[in-house]
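*Asks:* I'll drop the sequence and a predicted model, then ask my questions.
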Amino acid sequence: MFNIYAVGLMTIGLSAGVFSGSASANDDFVPQLVTAPVERVFVPLGFDSNDNVEVVLHGHFPNTCYKLGPALYSVDEATKTVEIEALSYQYAGGCAQLMVPFTQSVSVGLLKEGDYTVTVKQRPDARTSILQVNEATTSQPDDYLYAPVDSASMVSLLGDTKAVKLEGEFPLMFDGCMVMKEVKVNVTQGDVIVVQPIAEIVRGEPCTSDQHSYKFSVTAEIPGVLLEDEYLIHVRVTSGESLNKYVAL
């Protein structure tokens, strides 16, 4: 006699085997979490003890099978040390063999006043700079009202002169409008070009003029001659975060 019960068990077993095999195959698609090849840490100046302090990592992946992963940090107030652990996802499969640059911002929160040593876990050769945090002198988050910059790039002027080009769009306001007042540019320690696009709120004719535009593009000269091969353009923006662009000369 044909055993329906046995067939049912066989069907269930086969189904379980199929699902089990699928789960195992899917596991092969999960990337491994590995240490990111960080080469240097750019450390901007100008942070106070009431700022969300930020450092910027830069390096190169050896091929296209690596993607940015999470970046963790720990702070030791006793030794004034900030340790960064940068991770990346390594995928299996065919990879294009080329160097892929990456830049990753890491917010380390509020830090007390002082000079901090920045290190990268498992990357002792990564170039870093001292992180200087000043004592806050006001309850305001920033010294200025910054413009909402969307993009930043380096452009060449006459001779060896370089400049930073900023682009963005001012917000629509019911009373008055935002305009660019001044752009401060300073080359600081660790090859960081700190850019402060200072905006202001105005009312009246400047907002109704035919020349007024919500979209803006402004170029500000970088003081001095750039002598190094690589820099980080660090732009303060309205949201309290920053826009970071790695440039190689």
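*Replies:* Cool, got the structure. Numbers count the residues shown, from 1 in each chain.

*Asks:* going forward, measure contacts and count neighbours with C-alpha atoms only.
*Replies:* Will do.

*Asks:* which residue sits closest to the residue nearest the centre of the chain, ignoring its sequence neighbours?
*Replies:* The residue lying closest to the centre of the chain (Cα atoms, centre = their mean) is Ser105, at 2.9 Å. Nearest in space to Ser105, with sequence neighbours left out and distances taken as Cα to Cα, 6 or more residues apart in numbering, is Val56 at 4.4 Å.

*Asks:* in this structure the one you found contacts Val41, no?
*Replies:* Yes - here Val56 reaches Val41: they are 5.6 Å apart, a contact under Cα atoms under 8 Å.

*Asks:* what about these two, which has more around it?
*Replies:* Each of Val56 and Val41 had its neighbours counted (other Cα atoms under 10 Å), and the higher figure belongs to Val41 (24 against 19).

*Asks:* other residues contacting whichever strand or helix holds the more buried one?
*Replies:* Under DSSP states H and E, the secondary-structure element containing Val41 is strand 38-42. With Cα atoms under 8 Å, 6 or more residues apart in numbering as the test, strand 38-42 has contacts from 55-60, 86, 120, 123, 125-129, 190-192, 232.

*Asks:* following element in sequence after it, please.
*Replies:* In the C-terminal direction from strand 38-42 (assignment by DSSP H and E), the next one is strand 47-48.

*Asks:* counting contacts, what elements does that following strand pack onto?
*Replies:* In this structure, strand 47-48 packs against strand 131-134, with contacts taken as 3 or more Cα pairs under 8 Å, 6 or more residues apart in numbering; DSSP states H and E.

*Asks:* pLDDT weak spots in this protein?
*Replies:* For the chain, the stretches flagged by pLDDT under 70 are 1-27.

*Asks:* at 50 instead, please
*Replies:* Within the chain, the segments meeting pLDDT under 50 span 1-23.

*Asks:* show me where it has helices.
*Replies:* Per DSSP state H, the chain has helices spanning 4-27, 205-208. These are given in chain order.

*Asks:* re earlier: partners of the residue nearest to Ser105 in the sheet?
*Replies:* Here Val56 sits in beta bridges with Phe42, Ser105, going by DSSP bridges.

*Asks:* kindly report the same for the one 10 residues further on.
*Replies:* Following DSSP bridges, Tyr66 is listed with bridge partners Gln90.

*Asks:* can you check Gln196 too?
*Replies:* Taking DSSP bridges, one obtains Lys184 as the residues bridged to Gln196.

*Asks:* buried ones in stretch 83-92, by neighbour count?
*Replies:* Glu83, Ile84, Glu85, Ala86, Leu87, Ser88, Tyr89, Gln90, Tyr91 (16 or more other Cα atoms under 10 Å).

*Asks:* out of the residues you listed, who's nearest Val185?
*Replies:* Taking Cα to Cα as the measure, Val185 sits nearest to Ile84 out of those, at 27.7 Å.

*Asks:* check contacts around that closest one.
*Replies:* Contacts here follow Cα under 8 Å, 6+ apart; on that basis Ile84 touches Ala71, Leu72, Tyr73, Ser74, Val118, Thr119, Val120, Lys121.
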